[in-house]
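Asker: A predicted structure for the sequence below; I have some questions about it.
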Amino acid sequence: MAASVVKKRKYNDKYINCGFTSILADGIEKPRCVLCFKVLGNDSMRPSKLKYHLTTIHPQYAERDPDFFKRHERSLGKQRPDESVAFQQQNLSVVEASYEVSIEMTKKKKAHTIGETLIKPCASKMVKRVLGEASECKI
């Protein structure tokens, strides 16, 4: 018996109409959503599956014209290729910092509301002073 041959689909430029561009992952071309940056499997590289993702995950953008998705694709190209990984690591560090503050509040036997009423506003002011308004908005 011959080994089963895996059919690899190729990206079609018309897939941008569904909000997808292609990315090369592990040597296989895969579709990547230009809105949420999610990478789907190669077997999802067909118009019906891409349109399904668009209508279920991003229904507010389902009726947008292709130029809208092309603009998002261009902005995606300006970002670092590992942007989603860096974003996940940044979220992880934010959660860890939050846990550290919570532990300190618990050790001092302070109410959890002190974090919302005192610590967060102070942290926001410190970040604004040191790093600027753009960084303050990220907090």
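Answerer: All right, it came through fine. Model, not experiment: these values are computed from the prediction.

Asker: give the rounded mean pLDDT of the helix or strand hosting residue 122.
Answerer: In the assignment (DSSP states H and E), residue 122 maps to helix 120-131. The average pLDDT for helix 120-131 rounds to 81.

Asker: from here on, count from 14
Answerer: Sure, I'll start counting at 14 from here, so that last one is helix 133-144.

Asker: helix or strand right after the helix or strand of the chain with the lowest mean pLDDT?
Answerer: Across the helices and strands of the chain, mean confidence by mean pLDDT, DSSP states H and E is lowest for helix 96-120: a mean of 70. Next helix or strand after helix 96-120 toward the C-terminus (DSSP H and E): helix 126-127.

Asker: contacting residues around that following helix?
Answerer: Outside of helix 126-127, the residues within contact range by CB atoms under 8 Å, 6 or more residues apart in numbering are residue 118. Quick note: C-beta positions are derived from backbone N, CA and C, even for glycine.

Asker: now do the phi/psi pair for the residue nearest to residue 44 when sequence neighbours are not counted.
Answerer: Excluding its sequence neighbours, the residue lying closest to residue 44 (CB to CB, 6 or more residues apart in numbering) is residue 33, at 4.3 Å. Here is the backbone geometry of residue 33 (degrees, to the nearest 10): phi -120, psi 140.

Asker: surely residue 49 is within a strand?
Answerer: No: if the criterion is DSSP: H, G, I helix; E, B strand; the rest coil, then residue 49 is coil and not within a strand.
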